[in-house]
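Asks: have a look; sequence and predicted model below, questions after that.
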Amino acid sequence: MILAPSAQLSWFEDTRVRFESVLADKLGQFKGPSDVLNDAVEYALLEGGKRLRAMLVFSAGHAVGTPMQQLTDSACAIEAMHAYSLVHDDLPSMDNDVLRRGKPTCHVKFGEAFALLAGDALQTAAFQWLAQSQQGSVSVRMQQIAALAGASGLQGMAAGQAIDLAHVGKPMDLQALEQMHARKTGDLIRASVRMGYVSNPGLSPVEQEGLEAYAHCLGLAYQVIDDILDVESTSDVLGKTSGKDALNNKPTMVSLMGLEQARQLLEQLRKKALAACEVIEQDRRGPLETLVELITNRKS
């Protein structure tokens, strides 16, 4: 049965709401002896967030026939890793931001030292949850751990942040900017998709290539819309400080291409991501398609 658009959104919302409960329960079992650190971790992970990366795990799993209940640990892990990255990105030594998800950033609320520790705890929690998981075979979990580690470290998200910091106020061409975004933002999005589809060891090479192409387009599209919103939106709508890239003289898709060309690129990426989904059976690709529309049309 092919899901109608309304049914696709219903599946998405139902899955997201169920996941929020799972994530809260998972974190509730993970408390340590420091109340302040526990509170900082909970604030960073549970106070807001679209859960797009978790939904990518579930949607890619749905595409290959794996039910949500077999992927909750993976989804919790990717959200913990994402939350860690936001906490550290917002620090005074990084992007120095005071607003995240419409609330004071973690270091503003708890102090820089506890924000650092909260990020550290969230990063290690991601791997602990995957390593201790009983969902899927050992081989599948090893692939998920490898995907998450590769996306997060020296060749992934951390590298992207380093490149970003090194180019504040300095020129960067479009190709270099795309490569930076592929690491800083795109790698974790690709890892989310990969952590979902590796749950089916029988996936065909054609389907795998299609899902990788989908993830690549979606990762870049996410950053393009982010750059557009930084120019067009307000802090109240975004839930974070708008116009900060221009203020800090950071290269963006909009600053290099112009607003109209950035919009055209976003539309091209949207179409390519949807086309990449076509290798998946029609009755299983609805959630992936819904995520394309939600990400490329998001307002915050």
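Replies: Structure's in. What do you need? Numbers count the residues shown, from 1 in each chain.

Asks: how deep is Gly286 tucked in, by neighbour count?
Replies: 23 (other Cβ atoms under 10 Å). Every C-beta, even on glycine, is put in place using the N, C-alpha and C of the backbone.

Asks: surely it touches Trp11?
Replies: Yes: the pair Gly286 and Trp11 qualifies as a contact (Cβ atoms under 8 Å) at a distance of 7.2 Å.

Asks: phi, psi of Trp99?
Replies: Not Trp; residue 99 is Leu. Note on Leu99: backbone dihedrals following degrees, to the nearest 10 are phi -130, psi 130.

Asks: give the bridge partners for it, please.
Replies: For Leu99, the beta-bridge assignment (DSSP bridges) gives partners Pro104.

Asks: return the distance of it relative to Ala182.
Replies: Using Cβ to Cβ, to the nearest Å, we find Leu99 at a distance of 26 Å from Ala182.

Asks: cool, Tyr222 as well?
Replies: Tyr222 sits at a distance of 11 Å from Ala182 (criterion: Cβ to Cβ).

Asks: again, but for His88
Replies: Here the distance between His88 and Ala182 works out to 19 Å (Cβ to Cβ).

Asks: higher neighbour count, those two?
Replies: Relative neighbour count places His88 above the other of His88 and Ala182, with 23 against 19, counting by other Cβ under 10 Å.

Asks: doesn't the more buried one fall inside a helix?
Replies: Yes: with DSSP: H, G, I helix; E, B strand; the rest coil as the criterion, His88 is assigned to a helix.

Asks: so what's it up against?
Replies: Met94, Ala115, Leu116, Gly119 (Cβ atoms under 8 Å, 6 or more residues apart in numbering).

Asks: okay, the nearest residue to Arg18 once chain neighbours are set aside: pLDDT?
Replies: Closest residue in space to Arg18, ignoring its immediate chain neighbours: Met68 at 7.0 Å, by Cβ to Cβ, 6 or more residues apart in numbering. The confidence metric pLDDT takes the value 95 at Met68.
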